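Chemist: After the sequence you'll find the predicted model.
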Amino acid sequence: MTIPSPNNQYVHNLCNHITEKSGIGFDERKRKQLEEIVETRCKILGLNHIRDYSKLLRIPAMKGPEFNTLMDILTIQESFFFRHNAQFHALRHFCLPALMMPALMNKKKADHGKINIWSAGCANGEEAYSIAMLIRDLGVDDFQMKFHIRGTDISRQALRKAKEGVYTERAIRGLSPHYRKRYFTKQGDRYLLCGEIRNMVDFEYFNLSEEPFKMDAMPRWDIIFCRNVIIYFTQDHSRKLMKNFYGSMAEGGFLFAGFSETMRYLNDDFVPIRLDDAFIYRKPLPGQAPKPETTAHSKSIKNHISPHKNKSGKHFKKSPSKKPTLSSRTPRTRDPRTVARPTEIEPPPKPPLPSLDERLSVARNLADKGETISAVTILDDIIRQDPLHAKAYFMLAMIHNDSGNPDQSSRYLKKVIYLEPGNPLARLHLADIFKTASKKKDAAREYTNVITLLENRKDPEEDFGEGFTGQTILTAARAHLHQL
């Protein structure tokens with residue numbers, strides 16, 4: 001099979017086609033990654049050349065399914081509940097009160113209206129369901145308001161998983177015991193989200209690069225979550241997306257971007273708001289100029305609600321002591337009646353970039369906390385500056401392996417081995433991937449290579465990182481080779 005180099009016109013045209021259809025941008029490293037992905041897809045589909053694959057993507061009967069498969073591979077779908085908790089704190093104590101208070105103050109109106117929330121790029125549903133659980137715990141029946149939550153994604157596989165509502169321990173690792181007990185049922189090593197929360201969210205396919213949005217097919221959004229999405233997009237597509245978000249949002253609505261993303265250079269219409277450890281953005285109310293304000297006040301929703309009635313008609317108030325936290329990691333919540341005083345300012349100028357080793361350490365910490373997309377963004381930048389940075393490739397391999405993408409992980413591990421032939425830890429991980437894939441011959445070869453590298457080392461306790469000594473790696477290689 002002849003697969004062209006990344007600079008070949010076929011690859012260039014394919015990258016342009018994907019960018020046009022999805023907004024995803026390609027630098028040299030991602031172009032090379034795409035070439036490797038297409039090579040694998042060609043083998044699976046029985047195609048002999050990348051030009052045949054390019055033609056297939058344009059055939060009406062095939063371009064939908066294969067394009068969806070390609071999007072599943074190119075985008076990382078791993079997430080977890082209440083990711084970047086400071087933003088959910090801002091949602092609960094600032095954004096929702098700001099949107100709900102005007103309606104709740106109207107005592108004569110029995111039905112106080114609807115708040116529309118969009119989780120754009122919802123992956124497997126963790127973000128949308130986190131919003132639903134937060135709203136449910138506020139006691140929505142008390143508010144006499146309706147909430148419409150919609151999750152959308154370009155990956156149909158992710159949408160299927162979101163609708164199923166079944167999650168791993170890793171996905172729910174940040175949840176408090178309250179949330180686990182109230183909303184999840186353990187099934188083996190998985191956790192099933194209860195129907196009460198699943199029914200609060202509608203999921204559907206949506207391509208964010210669509211230009212312009214079809215406004216008649218969607219409501220006016222009061223809140224939009226679009227986090228860790230624009231890092232995939234070209235800057236031109238990102239600007240168009242922000243313009244579409246702004247046009248589809250109600251006045252006074254809020255936009256939540258990713259922790260490592262900023263609207264600077266993308267949109268000047270939204271007002272940036274810093275609230276504790278979270279940055280959010282707001283569409284100005286009618287008559288307000290799109291410029292920063294100095295202070296704002298969070299309001300308590302509960303202060304303006306009559307005591308709730310249960311089914312027997314008796315009045316009761318919920319005990320403050322039973323109010324759950326968002327997660328076990330949530331800091332002590334202040335009394336919502338106090339002033340939060342967020343400051344609406346432009347983000348400060350970016351400081352000089354730290355060294356590559358310092359940035360690698362930041363990426364490692366982010367990956368350890370589950371912020372894999374932010375970690376990958378940093379690692380991509382490191383490799384862009386130093387294409388021979390073996391530690392960055394190794395970390396990418398570990399992230400992809402933990403995210404359930406062993407094929408991509410093995411590609412990065414092979415790069416590490418090419419750069420560092422004597423790296424026994426990379427060879428051990430590659431052998432384990434081969435073993436899991438039932439490639440016994442390849443696994444045996446790599447386990448043997450590990451044993452050969454380490455048997456004659458003078459210091460068996462030599463540290464190879466990730467908590468592995470030479471002796472630990474050698475023992476594992478021998479045991480795994482014996483199991484084949």
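Modeler: Everything's here; your move.
Chemist: what's the offset of the helix or strand hosting residue 133 from the middle of its chain?
Modeler: Using DSSP states H and E, residue 133 sits in helix 126-138. Distance of helix 126-138 from its chain centroid, counting by CA atoms, centre = their mean, to the nearest Å, is 16 Å.
Chemist: And for that helix, what's in contact with it?
Modeler: Contacts with helix 126-138, where a contact means CB atoms under 8 Å, 6 or more residues apart in numbering, come from 79-83, 88, 91-92, 96, 117, 119, 122, 147, 149-151, 162, 165, 167, 171, 179, 183, 193, 196-198, 200-201, 203, 225, 227, 301, 323-324, 326. Just so you know, the C-beta spots here come from the backbone N, C-alpha and C atoms, and that holds for glycine as well.
Chemist: Out of the residues you listed, list just those in helices.
Modeler: Judged by DSSP state H, helices contain the following of those: 88, 96, 162, 179, 183, 196, 197, 198.
Chemist: Any of those buried? List them.
Modeler: 88, 96, 162, 179, 183, 197, 198 (16 or more other CB atoms under 10 Å).
Chemist: so what's the fifth one up against?
Modeler: To tie it back to what came earlier, the one meant is residue 183. By CB under 8 Å, 6+ apart, the contact list for residue 183 reads 133, 193, 194, 196, 197.
Chemist: ok, for it, nearest residue in space, not its chain neighbours?
Modeler: With sequence-adjacent residues excluded and distances taken as CB to CB, 6 or more residues apart in numbering, residue 183 is closest to residue 194, at 5.1 Å.
Chemist: now do the fourth one
Modeler: Nearest in space to residue 179, with sequence neighbours left out and distances taken as CB to CB, 6+ apart, is residue 133 at 6.3 Å.
Chemist: Just give the nearest non-adjacent residue to residue 121, would you?
Modeler: Spatial nearest neighbour of residue 121, chain neighbours left out: residue 229 (3.9 Å); criterion: CB to CB, 6+ apart.
Chemist: On the three-state scheme, that neighbour is what?
Modeler: coil (DSSP: H, G, I helix; E, B strand; the rest coil).
Chemist: State the distance from it to residue 429.
Modeler: Per CB to CB, to the nearest Å, residue 229 is found 30 Å from residue 429.
Chemist: Looking at these two, which is more packed in?
Modeler: residue 429 (26 against 23; other CB atoms under 10 Å).
Chemist: Which residue ranges of the chain form strands?
Modeler: Along the chain, counting by DSSP state E, strands occupy 114-120, 146-153, 166-168, 184-187, 190-193, 201-205, 221-226, 249-257, 271-275, 278-282, 308-309, 315-316.
Chemist: who touches residue 8 in this structure?
Modeler: Each residue near residue 8 by CB under 8 Å, 6+ apart is listed here: residue 50.
Chemist: An error on my part: the question was meant for residue 450.
Modeler: Counting by CB under 8 Å, 6+ apart, residue 450 touches 424, 427, 428, 431, 473, 474, 477.
Chemist: residue contacts, residue 360?
Modeler: Neighbour list for residue 360: 378, 379, 382, 389, 391, 392, 395 [criterion: CB under 8 Å, 6+ apart].
Chemist: Could I get the residues you listed in a markdown table, plus columns for pLDDT?
Modeler: A markdown table is the format used below for the contacts of residue 360 (pLDDT from 0 to 100):
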| residue | pLDDT |
| --- | --- |
| 378 | 87 |
| 379 | 90 |
| 382 | 88 |
| 389 | 89 |
| 391 | 92 |
| 392 | 92 |
| 395 | 92 |
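Chemist: give me the number of residues near residue 482?
Modeler: Residue 482: 8 surrounding residues under other CB under 10 Å.
Chemist: Return the distance of it relative to residue 470.
Modeler: Here residue 482 is placed at a distance of 19 Å from residue 470 (CB to CB).
Chemist: Ok, residue 49 next?
Modeler: 45 Å.
Chemist: Same check on residue 50?
Modeler: Computed as CB to CB, the residue 50 to residue 470 distance reads 42 Å.
Chemist: One more: residue 238?
Modeler: 46 Å.
Chemist: so residue 242 makes contact with residue 267?
Modeler: Yes: judged on CB atoms under 8 Å, residue 242 makes contact with residue 267 at a distance of 3.9 Å.
Chemist: In terms of neighbours, single out the busier of the two.
Modeler: Remark: of residue 242 and residue 267, residue 242 carries more neighbours, 21 against 17, as counted by other CB under 10 Å.
Chemist: circling back: pick out whichever of residue 49 and residue 470 has more residues nearby.
Modeler: Between residue 49 and residue 470, counting by other CB under 10 Å, residue 470 is the more crowded of the two (21 against 15).
Chemist: Might you report the residue contacts of that one?
Modeler: 424, 454, 457, 459, 460, 461, 462, 464.
Chemist: Repeat that for residue 406.
Modeler: 400, 433, 436, 437.
Chemist: now swap in residue 226 and tell me
Modeler: 120, 121, 208, 241, 245, 255, 256, 257, 258.
Chemist: about what we covered before: the residue nearest to residue 183 contacts residue 179, correct?
Modeler: No: applying CB under 8 Å as the test, residue 194 and residue 179 come out as separate, 10.7 Å apart.
Chemist: In contact with residue 484, which residues are there?
Modeler: By CB under 8 Å, 6+ apart, the neighbours of residue 484 are 435, 440, 443, 444, 447.
Chemist: Local confidence estimate at the last one?
Modeler: I take that to be residue 447. Residue 447 carries a pLDDT value of 91.
Chemist: Distance of the nearest residue to residue 394 once chain neighbours are set aside relative to residue 423?
Modeler: Once flanking residues are discounted, residue 394 sits nearest to residue 416: 4.9 Å by CB to CB, 6+ apart. Residue 416 sits 6 Å away from residue 423, taking CB to CB as the criterion.
Chemist: Of the two, which one has the most company?
Modeler: Taking other CB under 10 Å, residue 416 and residue 423 do not tie; residue 416 has more neighbours (24 against 20).
Chemist: Put the alpha carbons of stretch 434-448 into CSV.
Modeler: Extracted in CSV, the C-alpha atoms of stretch 434-448 (Å, rounded to 0.1, in the frame of the first residue of the first chain):
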residue,chain,number,x,y,z
PHE,A,434,-0.1,-5.7,21.9
LYS,A,435,-1.0,-8.2,24.5
THR,A,436,-4.5,-6.7,25.1
ALA,A,437,-5.0,-6.7,21.3
SER,A,438,-4.1,-10.4,21.2
LYS,A,439,-1.0,-9.6,19.1
LYS,A,440,1.0,-12.2,20.9
LYS,A,441,4.0,-12.2,18.6
ASP,A,442,4.5,-8.5,18.8
ALA,A,443,3.9,-8.5,22.5
ALA,A,444,6.5,-11.3,23.1
ARG,A,445,9.1,-9.4,21.0
GLU,A,446,8.7,-6.2,23.1
TYR,A,447,8.6,-8.0,26.5
THR,A,448,11.8,-9.8,25.4
